[in-house]
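Student: Build me a structure from this.
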Amino acid sequence: MHIFNPKEHKLNFKFEYNLDETQKLRDKFSSRDKITIDDLRRVALWKINRVLDVPEDLLEKLNELALRDDLKYNDDFSRDIINSLVKCRGVGFPMVSSILKFIRPDIYPIIDVRAYRALYGKGITYSGYNVDIYFDYISKVYEIRENLDLELHEVDEQLYMFDKENNGKI
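Tutor: Numbers count the residues shown, from 1 in each chain. Here you go, the predicted structure:
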């Protein structure tokens, strides 16, 4: 292990961490504008390298998704949006499902390690997610909703809590 010693080492590395967002945050905080909780949340997202970059055309599709009456979780429109979102910087399947849950809680539940483990009895790695696994998971959540007479948005939350209570740490 190397320990920095100013008498022996130089600090002349090129900083390459979230460059665009780093500059935006520097600009924001150097402007002396009022600091808001959203500003602090943005710093937190920068720190955990979860800065999202979603193109404008995809944002338009998300707005369309929010208003569609004929939407199904497994239709081509949903599949296209999910596959497009997951390719965006800072977005993986758990984040996609979180975004979709808040836009359409009547259609999409969140998939995460805990809820998945509560349903399948095994964990899933970040790279293990894909659209077909998500759709299978959704179909099981829909079944639970029907069998237990819960709102869809409650099922994933309850699965999360079930796993936390019964299965311990991830």
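
Student: quick one: low-confidence ranges for this protein?
Tutor: 1-2 (pLDDT under 70).

Student: can you do 80?
Tutor: Counting by pLDDT under 80, the chain shows low-confidence ranges at 1-4, 11-13, 15-17, 48-51.

Student: All the helices of it, in order from the start?
Tutor: 19-30, 37-47, 56-67, 76-86, 93-103, 113-120, 131-148, 152-167 (DSSP state H).

Student: Could you save these as TSV and add columns showing distance to residue 8 and mean neighbour count?
Tutor: Quick note: C-beta positions are derived from backbone N, CA and C, even for glycine. Shown next, in TSV, are the helices of the chain (distance: least, C-beta to C-beta, whole Å; neighbours: other C-beta atoms under 10 Å):
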stretch	distance to residue 8	mean neighbour count
helix 19-30	28	12
helix 37-47	29	12
helix 56-67	49	12
helix 76-86	45	16
helix 93-103	42	19
helix 113-120	43	20
helix 131-148	50	16
helix 152-167	47	17
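
Student: In contact with residue 103, which residues?
Tutor: 62, 65-66 (C-beta atoms under 8 Å, 6 or more residues apart in numbering).

Student: please redo it, this time with the cut-off set to 6 Å
Tutor: residue 66 (C-beta atoms under 6 Å, 6 or more residues apart in numbering).

Student: do you know how far it is from residue 30?
Tutor: Remark: distance between residue 103 and residue 30 (C-beta to C-beta, to the nearest Å) = 34 Å.

Student: picking that back up, output the helices of the chain as TSV; include the columns distance to residue 5.
Tutor: Compiled in TSV, the helices of the chain are given as follows (distance: least, C-beta to C-beta, whole Å):
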stretch	distance to residue 5
helix 19-30	27
helix 37-47	27
helix 56-67	48
helix 76-86	44
helix 93-103	40
helix 113-120	41
helix 131-148	49
helix 152-167	44
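
Student: can I see the domain layout of the protein?
Tutor: For the chain, the structural domains run 1-51, 56-167, going by automatic domain parsing.

Student: excluding its backbone neighbours, what's nearest residue 119?
Tutor: residue 140 (5.5 Å; C-beta to C-beta, 6 or more residues apart in numbering).
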